[in-house]
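Engineer: What follows is a predicted protein model with its sequence.
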Amino acid sequence: MEKYYVTTPIYYVNDEPHLGHIYTTIAADVLARHQRLSGRDVFFLTGVDEHGQKVQQAAEARGIAPIELADQVVERYRDLWPELEITHNDFIRTSSGRHKKGVQAMWRRLEQAGAIYKDFYEDWYCVPCESYWTETQLKDAGCWDDKHCPDCRRVVEKVQEESYFFRLSDYQDRLIEHIRTHPDFIAPASRRNEVLSFVEGGLNDLSVSRTTFSWGVPVPGDEGHVVYVWIDALTNYLSAIGFPDQGVPDYWPADVHLIGKDILRFHTVYWPCMLMAADLPLPKRVFAHGWWTVEGEKMSKSKGNALRPADLLKDYDADVIRYFLLREVPFGQDGDFSFEALKQRYNTELANDVGNLLNRSLAMLNKYRDGVLGAVGDEREIDRALIADVQGMQQDVAEALERQAFHIALERINGVVRHGNRYVEENAPWALARSGDDARLDTVLYHLIETLRLVAVQLLPFMPEKMARMLEQIHAADVDVAAMRLADVGGWGLLKAGHRCRKPSPVFPRMD
Ligand code: ME8
């Protein structure tokens, strides 16, 4: 069976999950479900990033050990994912033995390849705050010119720290070549260009160990150093699937790493260069999606305005949240979340379009035909046009999702739903019932129900619970969505004459 490996970033445990984290994870889940439905052997990985100074400091601020903080926050993620119907195959913690072993093996491989050397690293230290700042952090905070501390505004001093370095600069040309010859490696295209010009601007070697804090994986053979948190974190994509015990694990290389644009450079510069040095294949694709603001504002810890999943789940079903996030904003672009937009999209696209087509079709089938499908008579042009649209949808959705174009996949499916509603108006089944044209009435109702069934199959990865309920009304039987395969249910004409559907029961009631 063809394998498919999809990952999310592993989330830091110094913050609780919010809208941004669920966005990436939902997107990955839709890909995983779609690929399983298409018959592939899927491995979907998510997890948490526990090491590093940020986590150590957050734990200290609460007066607990870093592992205690991690143990608490990890439960928030573990509890949340089932509520959002996330079907990950594994959940990696970077504090786990299997991961540490993977990181140390990666380190040794880099060392054996001659890609690591020891030198000094220059940091900026604020004595009163006892905090270390990098040059980049000072520049980003606008504190570079007179070199003051971004926190307390006092002058920082230069300190030298012994550090291991990774020969990132050695891989510059190979990376450029790889990006040029693999146009699908970095998406969307704007991000690819951004990375390319960054790499062409020249790469510096990367400091990959720290001695100023201890919460991390010890450097093999030099325990005074911990491995830089990004070397540690990126290796999760391999340690979770059996590296180093399996050599190159079965699921490697990943088909797609889904990430936010904030961590693009780590995934498209550091990670591929590390893999080249370690002589391991590169991931096939890295997709960096855009950034959500909430009601026009940037979410920030200091403002305390992060949108928490519980605030959403209180009023909206997981399926509706899943649909909205992937429909509202073209994947790759930034977007704004608002409850008003969510309600509006729900009412127009789900309640009015899908819900209405389902309710009226099943209601007419029950009213005129006691819920039983009749034989299909002569097909007219109008019927063939509907079938062609439905059949084209499957291919188009698959192609869109192969490029992570969720919004295009959904728009294509919605187009079929609108076509279905037009088909009802144009064929006016109520008039056929009144005039006693039973053969034509049966044909029209059959086309509607079969269209609905295939729409539900395509929407399953996006809204698994709602679509299972829709399919149960159509099939008049319980549906095991996890076991469903396109090869069995994806073709037009599965339902036969004599099949009885259920009475409609609203899946998308209108929201006021
Ligand atoms: O960066 N809009 O973890 P993290 C969209 N541990 N997505 C958002 C978002 C927003 N406003 N805010 C967060 C880390 N995200 C590292 C990753 S991977 C080897 C290590 C999402 O907890 C988005 O996917 O800060 C982003 O990349 C990720 O959360 C950052 O999560």
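Structural biologist: Perfect, thanks for sending it.
Engineer: Name the residues of the host helix or strand of residue 311 that are buried.
Structural biologist: Residue 311 belongs to helix 309-313 when assigned by DSSP states H and E. Buried residues in helix 309-313, defined by neighbour count with 16 or more other CB atoms under 10 Å: 309, 312. All C-beta spots, glycine's among them, are computed from the backbone N, C-alpha and C.
Engineer: which residues are contacting it?
Structural biologist: For helix 309-313, contacts defined as CB atoms under 8 Å, 6 or more residues apart in numbering pick out 17-19, 22, 80, 83-84, 321.
Engineer: what about burial for the residues you listed, which qualify?
Structural biologist: Among those, the ones that count as buried by 16+ other CB under 10 Å are 17-19, 22, 80, 84, 321.
Engineer: Could you export those to JSON lines, including columns for distance to the ligand and pLDDT?
Structural biologist: JSON lines is the format used below for these (distance: CB to the nearest ligand atom, whole Å; pLDDT from 0 to 100):
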{"residue": "17", "distance to the ligand": "9", "pLDDT": "97"}
{"residue": "18", "distance to the ligand": "7", "pLDDT": "97"}
{"residue": "19", "distance to the ligand": "7", "pLDDT": "98"}
{"residue": "22", "distance to the ligand": "9", "pLDDT": "98"}
{"residue": "80", "distance to the ligand": "13", "pLDDT": "98"}
{"residue": "84", "distance to the ligand": "14", "pLDDT": "98"}
{"residue": "321", "distance to the ligand": "14", "pLDDT": "98"}
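Engineer: So which bits of this protein are right by the ligand?
Structural biologist: Contacts of the chain with the ligand, taken as CB under 6 Å from any ligand atom, map to 9-12, 20-21, 23-24, 49, 233-234, 236, 259-260, 262-263, 291-292, 299.
Engineer: now, which of those residues lie within strands?
Structural biologist: 9-12, 49, 259-260, 292 (DSSP state E).
Engineer: out of the contacts of helix 309-313, who's nearest residue 128?
Structural biologist: residue 18 (32.0 Å; CB to CB).
Engineer: ok, now which ones touch that closest one?
Structural biologist: Residues near residue 18 by CB under 8 Å, 6+ apart: 299, 306-309.
Engineer: Just the buried subset of the ones in strands among the residues of the chain next to the ligand, please.
Structural biologist: 9-12, 49, 259-260, 292.
Engineer: Alpha carbons of stretch 237-257, as PDB, please.
Structural biologist: What follows is stretch 237-257, C-alpha atoms only, in PDB (Å, rounded to 0.1, in the frame of the first residue of the first chain):
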ATOM      1  CA  TYR A 237       9.800  13.800  12.600                       C
ATOM      2  CA  LEU A 238      12.300  10.900  12.500                       C
ATOM      3  CA  SER A 239      12.500   9.700  16.100                       C
ATOM      4  CA  ALA A 240       8.700   9.100  16.200                       C
ATOM      5  CA  ILE A 241       8.800   6.700  13.300                       C
ATOM      6  CA  GLY A 242      11.700   4.500  14.400                       C
ATOM      7  CA  PHE A 243      14.900   6.400  13.800                       C
ATOM      8  CA  PRO A 244      17.600   5.300  14.600                       C
ATOM      9  CA  ASP A 245      16.700   1.700  15.200                       C
ATOM     10  CA  GLN A 246      15.100   1.300  11.800                       C
ATOM     11  CA  GLY A 247      17.800   3.200  10.000                       C
ATOM     12  CA  VAL A 248      15.700   5.100   7.400                       C
ATOM     13  CA  PRO A 249      12.200   4.500   8.800                       C
ATOM     14  CA  ASP A 250       9.500   3.100   6.500                       C
ATOM     15  CA  TYR A 251       7.400   6.200   6.500                       C
ATOM     16  CA  TRP A 252      10.400   8.500   5.700                       C
ATOM     17  CA  PRO A 253      10.600  10.800   3.800                       C
ATOM     18  CA  ALA A 254       7.500  12.700   5.000                       C
ATOM     19  CA  ASP A 255       5.000  13.600   2.200                       C
ATOM     20  CA  VAL A 256       4.300  16.900   3.900                       C
ATOM     21  CA  HIS A 257       5.300  18.900   6.900                       C
END
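Engineer: residues in contact with that stretch?
Structural biologist: 3-7, 31, 43, 45, 47, 90, 92, 98-99, 101-103, 105-106, 235, 267, 280-287, 404.
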